[in-house]
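In: Predicted coordinates and the sequence they were generated for:
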Amino acid sequence: MRVATWNVNSVKQRKARFLPWLDERLPDVVCLQETKLADDAFTALLGDDLAERGYQVALNGEVQWNGVALLSRVGLDDVVRGLPGGPGFPHQEARAVSATCGGVRVHSVYVPNGREPDSDHYRYKLDWLAALRDAVHRGPEAVVVCGDINIAPTDADVFDPAAFAGHTHVTEPERAALTALLDLGLRDVVRDRWPDERVFSYWDYRAGMFHQDLGMRIDLVLAGAPVADRVAAAWVDRKARKGTGPSDHAPVVVDLDTAPDGDIGPVVPPPSARGRTGKLPQSRGR
DNA sequence: ATGTCACGCCGAGCGTGA
């Protein structure tokens, strides 16, 4: 089972990059962040394209900012939108959606940026992370938290720690909030796979930062032990950051080996085995 | 001192967010 997460920075602006990427990488589960689109507009934009490819869709979007999605072709059950009891700014924003896909509880999250240390938005970020921890804590051990976490776990996850001193994404309270989440038994599977490599997932659009590989690793896949033990590959898809019209984030891709009991969840037949339209039933999720 | 994008707004360029 291939799980991918990608902050697309507007799915409307990214459609021409997203669909070819989907057809090349063929992920079974896709977590999207910063879709920047209300749910009806998302469905109008991509509903048919995703149904043709066998994906069910769970959405939590809003008109202008934020927005997350969860796509799955290995089942999409028990969808939860948002973080129950989570904080707002001031209202609850569209930053989380979760569902059970192929036997794994999958969370697609877009953690608040924090803007400036000790700002209202920074405190909101810490509160939001605490609510995420609570939600994961209440759920099963077979869990994966995927998304734009907006925290560089260590100084090795930024191109120059000195350049980030006093800024968000690297402060002790943010890292402590991430550690509290990891302490539930989650593992940062990309760092586990590449312990000593320079691995970034985000590069500012400005100043040729990508070209110089001056980035940060803030898009993470955090897996509970039953999932982390199945990781066969974990990597950042830098190719998706190249060329024209990219997001400022690259996708993170994780392959899971077959579960110990051999249950890989519902299997979607290939297009040739489908009906005349090549389409599968749509998700009933809004 | 954001070398960039993307958003709404309603018709262009500005304020906001990252």
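Out: Structure received. Residues are numbered from 1 along each chain as shown, chains lettered A, B, ... in the order given.
In: Just confirm A:H167 contacts A:S119, I think it does.
Out: No. Contact criterion CB atoms under 8 Å: A:H167 and A:S119 do not qualify, at 11.7 Å. (Each C-beta comes from the backbone N, C-alpha and C, glycine too.)
In: Now do A:D160: how many residues are near it, please.
Out: By other CB atoms under 10 Å, the residues close to A:D160 number 9.
In: before we move on, what about A:A142?
Out: 18.
In: for it, phi and psi?
Out: Taking degrees, to the nearest 10, you get phi -80, psi 80 for the backbone angles of A:A142.
In: which residues sit in contact with it?
Out: For A:A142, the contacting residues are A:103-105, A:224, A:226-227, by CB atoms under 8 Å, 6 or more residues apart in numbering.
In: cutoff 6 Å now
Out: A:104, A:224, A:226-227 (CB atoms under 6 Å, 6 or more residues apart in numbering).
In: Then A:V11?
Out: Counted by CB under 6 Å, 6+ apart, A:V11 has contacts A:35, A:37.
In: Any residue of stretch A:111-127 touching DNA strand B?
Out: Yes. Stretch A:111-127 comes into contact with DNA strand B (CB under 7 Å from any atom of the strand), by way of A:112-113, A:115, A:121.
In: same deal with stretch A:27-35?
Out: No. Shown here: stretch A:27-35 not in contact with DNA strand B (CB under 7 Å from any atom of the strand), separated by at least 7.5 Å.
In: what do you get for stretch A:156-166?
Out: No. Against DNA strand B, stretch A:156-166 shows no contacts by CB under 7 Å from any atom of the strand, the least distance being 11.6 Å.
In: So what's the gap between that stretch and the chain middle?
Out: 23 Å (CA atoms, centre = their mean, to the nearest Å).
In: now what about it, what contacts it?
Out: Taking CB under 6 Å, 6+ apart as the rule, stretch A:156-166 contacts A:152, A:155, A:170, A:214-217.
In: now these in JSON lines, with distance to A:R25?
Out: As requested, those are exported to JSON lines (distance: CB to CB, whole Å):
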{"residue": "A:A152", "distance to A:R25": "25"}
{"residue": "A:D155", "distance to A:R25": "30"}
{"residue": "A:V170", "distance to A:R25": "30"}
{"residue": "A:L214", "distance to A:R25": "25"}
{"residue": "A:G215", "distance to A:R25": "20"}
{"residue": "A:M216", "distance to A:R25": "22"}
{"residue": "A:R217", "distance to A:R25": "19"}
